[in-house]
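> Structure for this input, please:
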Amino acid sequence: MNILVSLDSNYIKQVKVMLTSLQIENHNEEFYVYVLNSKLTSGDIENIKRCADINRTKIFDIKVPDSVFTNVPITDRYPREMYFRIFAAKLLPDNLDRILYLDPDLVIINSLNEFYNMDLKDMYYAGATHIGKPITKLNEVRLNMPPECEYINSGVLLMNLKALRREQNEEEVTEYIKKNSIRLYLPDQDVINGLYGDKIICVSEKKYNFGERDFIKTKYLSINGEKIDMKWIVNNACIIHYYGRNKPWKEDYIGDLDVFYHIYEKRLRQFEEIGCHII
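Numbers count the residues shown, from 1 in each chain. Below is the predicted model:
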């Protein structure tokens, strides 16, 4: 299973917790983790490797040189790093056909095998949305999205690298950013949705991108007669995503889903204390 992460040194602890959860809940899988970055030190990469199961997880440091992306708009609002996820197909090894991008601020609580191996056909991405039809319509207008498309959260993104490598146009991306710059609130997420909305498969957010806000909205509802409570989440959800400013490693966290983060944080701490490299 190919995994993509992109981060700076401020999120090393969180990405280690995420990777620990990934390995625990997918214990029969081998992982090839590509760390896309421009500023992590060799010490940072070695720190991340401390959470890797030596028998089935390999971590690769993919440095993006300063010579890349010299012709794209770069400002404080649009740093170079925002292009890493958009142009992942150009930055990663050519032998990779697909990869699962995961934000550092999430944990895996069940197997990702079904999601990772889904049929992408000729689509570029698979991801989940957190918003309803009214906001989706506003985003469609704001970003000039293809009609009748969902606006997905790009923190969990299954990428069809083969199709992107074949069809993605760098000039089209830069022109879109220049033309729509004042409308881009979440730059790389907005660009992916605005340009490629009709090349995205929408999957269940309750399974693959479930957050505290989603839990608040759904805890009083049911799916096929099942109440969406903590028991339902444990048995059915695969990814808990702490998107937004409400983070479980902060003292002011509000909600119930932080319990999952702290479970894997504790497991990581135990592994590191005993020097264990097998999860």
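> Any stretches of the stretch 101-250 of the chain with poor pLDDT?
Filtered on pLDDT under 70, the stretch 101-250 of the chain yields the residue ranges 134, 220-225.
> all helices for it, in order.
113-116, 133-143, 161-167, 170-180, 187-196, 205-208, 212-218, 230-236 (DSSP state H, counting those that start in this stretch).
> Identify whichever of the ones you listed lies nearest to Asp44.
Closest approach to Asp44 among the helices of the stretch 101-250 of the chain (CB to CB): helix 187-196, 21.9 Å. (Each C-beta comes from the backbone N, C-alpha and C, glycine too.)
> Can you tell me which helices and strands the closest one packs against?
Helix 187-196 sits against helix 82-86, helix 133-143, strand 153-160, helix 170-180, with contacts defined as 3 or more CB pairs under 8 Å, 6 or more residues apart in numbering; DSSP states H and E.
> Can you give me the buried ones in stretch 168-178?
By neighbour count with 16 or more other CB atoms under 10 Å, stretch 168-178 contains the buried residues 168, 173-174, 176-177.
> try stretch 196-208
196-197, 199-201, 203, 205-208.
> quick one: buried residues of stretch 104-118?
Judged by neighbour count using 16+ other CB under 10 Å, the buried positions of stretch 104-118 are 104-110, 112, 115-116.
> Tell me where the protein has strands.
Residue ranges of the strands in the chain, as given by DSSP state E, are 2-6, 31-37, 57-63, 98-102, 106-108, 125-128, 153-160, 200-203, 222-223, 226-227, 239-241.
> Could you tell me how far the last one lies from the centre of the chain?
The chain centroid and the centroid of strand 239-241 are separated by 10 Å under CA atoms, centre = their mean, to the nearest Å.
> what does the third one give?
Once both centres are worked out by CA atoms, centre = their mean, strand 57-63 turns out to sit 17 Å from its chain's centre.
> what lines up beside that strand in the sheet?
Using DSSP bridges, strand 57-63 pairs in its sheet with strand 31-37 (parallel).
> for the lengthiest helix in the chain, what is the average pLDDT?
Longest helix in the chain by number of residues (criterion: DSSP state H): helix 258-274. On average, the pLDDT along helix 258-274 is 95.
> Figure out how far that helix is from the centre of its chain.
Centroid separation for helix 258-274 versus its chain: 20 Å, with CA atoms, centre = their mean.
> Which residues does that helix contact?
With contact meaning CB atoms under 8 Å, 6 or more residues apart in numbering, helix 258-274 is reached by 16-18, 20-21, 24, 50-51, 107, 109, 240, 242, 248-249, 276-277, 279.
> Let's see that with 6 Å instead.
With CB atoms under 6 Å, 6 or more residues apart in numbering as the test, helix 258-274 has contacts from 16-17, 20-21, 107, 109, 240, 248.
> can you redo the residues you listed as a markdown table with distance to Ser42?
Output for the contacts of helix 258-274, formatted as a markdown table (distance: CB to CB, whole Å):
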| residue | distance to Ser42 |
| --- | --- |
| Lys16 | 16 |
| Val17 | 22 |
| Thr20 | 21 |
| Ser21 | 25 |
| Val107 | 27 |
| Ile109 | 32 |
| Ile240 | 31 |
| Pro248 | 29 |
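> and which of these is nearest Pro79?
If you rank these by distance to Pro79 using CB to CB, Lys16 comes first, at 23.5 Å.
> could the helices of the stretch 101-250 of the chain go into TSV alongside distance to Pro93?
Converted to TSV, the helices of the stretch 101-250 of the chain look like this (distance: least, CB to CB, whole Å):
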stretch	distance to Pro93
helix 113-116	18
helix 133-143	31
helix 161-167	9
helix 170-180	18
helix 187-196	21
helix 205-208	25
helix 212-218	35
helix 230-236	34
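> winner for burial among these?
helix 187-196 (a mean of 22; mean count of other CB atoms under 10 Å).
> and that helix, how far out from the chain's middle?
For helix 187-196, the separation from the chain centroid amounts to 14 Å (computed by CA atoms, centre = their mean).
> repeat for stretch 69-85
Counting by CA atoms, centre = their mean, stretch 69-85 comes out at 19 Å from the chain centroid.
> So which bits of that stretch are buried?
The neighbour-count check on stretch 69-85 (16+ other CB under 10 Å) flags 69, 72, 78, 81-85 as buried.
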